[in-house]
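Colleague: Pasted the sequence and its predicted model underneath.
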Amino acid sequence: MGKENKNNGLKRRDFLQGGAVLTASALLSPFGGYTVFGAPNPTLAESVVPSVTLNNGLAMPMLGFGTSGLNGPTATRCVAEAISVGNRLIDTATIYGNEEAVGAGIKKSGIDRKELFITSKLWASDMGYESTKKAFQTSLDKLDVANLDLYLIHRPRGDVKGSWKAMEELYKAGKIKAIGLSNFLEDHLVDLLAYAKVKPTVNQIETHVFFQQYKAQKVLKQHDVQMEAWSPFARGRNNIFTNATVATIGATYNKSNAQVCLRWLYQRGIVAIPRSSQKAHMIENLDIFDFELNASDMQAIATLDLNTTQFPEWG
């Protein structure tokens, strides 16, 4: 998020050192409660990000940190900083090529592993029963962890059935706490549910103010699958950080465009994983639990929906 924001000239709010988000989230949570992911290391900010309970009973933070596009020492620094300011959900993937760096950042943070919710994803070239088990172990080794909280099929390509069977076995063996999907359309989901012995817990899909995915959310709710948004800022496209509609709403609450976008997702019950390489922005992204968008705000944001992907090159 950082570079796009600087190019757009957006002025971020100043935040107090330490970065703990306000406990008002308890009052504003649409889920009737939240889990506080603790900070045993006194140098780490407490996290009061609300959690949602997945269909297998696992608590998942509603807001976390994405790592796509972050590599090497930058990824290590960013992950450690993201954890230090209160993030507990860390999202990576085989195709990002940064699992080792993400693992190093987790170690650098000094936080107890049990306080984190770590997600990785199976890439298309590793689809199939045996390949999936091998790829999963490779991810564990690179991240230097004993298990994952969530493992997703990154794209509905190749031998999905074989991969899902392998993931079900890894789940039942306790190597993964939850298994799920990414970029699955309704027909892909229905096909998988026809043979799945373990229901997917999550579908991570492109969702932001320019592609609002209300139909997809309705389908996922019908199947009790949690929706998660990748690229919640559309990677800065369409001048999202200076969009006048969003800025007008933000001015009412003294919030930035980024904060309004994240609050909008939160109020819809959608998990979000924004990425930033700047610590100040990481802190800002977590500071969304002390205000609430009203019906008029939500209606205004609805007018921004272009109802199509903003990343056609990824099709």
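Modeller: In hand now; what should we look at?

Colleague: Under the pLDDT cut-off, which ranges of this structure? List them.
Modeller: Of all residues in the chain, those with pLDDT under 70 make up the ranges 1-43, 315.

Colleague: where exactly do the helices run in the stretch 1-150 of the chain?
Modeller: Using DSSP state H, counting those that start in this stretch, the helices of the stretch 1-150 of the chain run over residues 2-8, 25-28, 72-84, 99-109, 129-143.

Colleague: Which of these sits closest to D91?
Modeller: Distances from D91 to each of those were compared using Cβ to Cβ; the minimum, 9.0 Å, belongs to helix 99-109. For the C-beta atoms, the positions are set from N, CA and C on the backbone; glycine is no exception.

Colleague: Which strands and helices lie in contact with that closest one?
Modeller: Helices and strands touching helix 99-109, as assessed by 3 or more Cβ pairs under 8 Å, 6 or more residues apart in numbering; DSSP states H and E, comprise helix 72-84, helix 129-143.

Colleague: So which of those is the most surrounded?
Modeller: When neighbours are counted by mean count of other Cβ atoms under 10 Å, the highest per-stretch mean among the helices and strands packed on helix 99-109 falls to helix 72-84, a mean of 21.

Colleague: by how many degrees do that helix and helix 99-109 diverge?
Modeller: What separates the directions of helix 72-84 and helix 99-109 is an angle of 40 degrees, with axes from the mean of the first three to the mean of the last three Cα atoms, to 10 degrees.

Colleague: Let me see the ranges of the strands in this protein.
Modeller: When assigned using DSSP state E, the strands of the chain occupy the ranges 51-53, 59-61, 65-66, 89-91, 117-122, 150-153, 179-182, 202-206, 226-230, 271-272.

Colleague: With mean neighbour count as extra columns, can I get those in TSV?
Modeller: Shown next, in TSV, are the strands of the chain (neighbours: other Cβ atoms under 10 Å):
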stretch	mean neighbour count
strand 51-53	19
strand 59-61	22
strand 65-66	28
strand 89-91	25
strand 117-122	26
strand 150-153	26
strand 179-182	24
strand 202-206	24
strand 226-230	24
strand 271-272	27
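
Colleague: Reformat those as JSON lines; add distance to N238.
Modeller: As requested, the strands of the chain are arranged in JSON lines below (distance: least, Cβ to Cβ, whole Å):
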{"stretch": "strand 51-53", "distance to N238": "28"}
{"stretch": "strand 59-61", "distance to N238": "27"}
{"stretch": "strand 65-66", "distance to N238": "19"}
{"stretch": "strand 89-91", "distance to N238": "23"}
{"stretch": "strand 117-122", "distance to N238": "26"}
{"stretch": "strand 150-153", "distance to N238": "27"}
{"stretch": "strand 179-182", "distance to N238": "23"}
{"stretch": "strand 202-206", "distance to N238": "13"}
{"stretch": "strand 226-230", "distance to N238": "16"}
{"stretch": "strand 271-272", "distance to N238": "18"}
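
Colleague: I figured R237 hits Q310, correct?
Modeller: Yes: if you go by Cβ atoms under 8 Å, R237 and Q310 touch, sitting 5.1 Å apart.

Colleague: and those two? which has more neighbours close in?
Modeller: Just comparing R237 and Q310: by other Cβ atoms under 10 Å the higher neighbour count belongs to Q310, 16 against 13.

Colleague: ok, K218 - contacts?
Modeller: The contact partners of K218, taken as Cβ atoms under 8 Å, 6 or more residues apart in numbering, number zero.

Colleague: Between the strands of the chain, which one is closest to K255.
Modeller: K255 sits nearest to strand 271-272 of all these, at 15.1 Å, using Cβ to Cβ.

Colleague: Reformat the helices and strands packed on helix 99-109 as CSV; add distance to N285.
Modeller: Written out in CSV, the entries for those read as follows (distance: least, Cβ to Cβ, whole Å):
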stretch, distance to N285
helix 72-84, 9
helix 129-143, 23
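
Colleague: mind listing the helices in the stretch 151-300 of the chain by residue range?
Modeller: Remark: helices of the stretch 151-300 of the chain, listed N- to C-terminal, are 160-172, 186-193, 214-222, 244-253, 257-267, 279-286, 295-302; assignment by DSSP H, counting those that start in this stretch.
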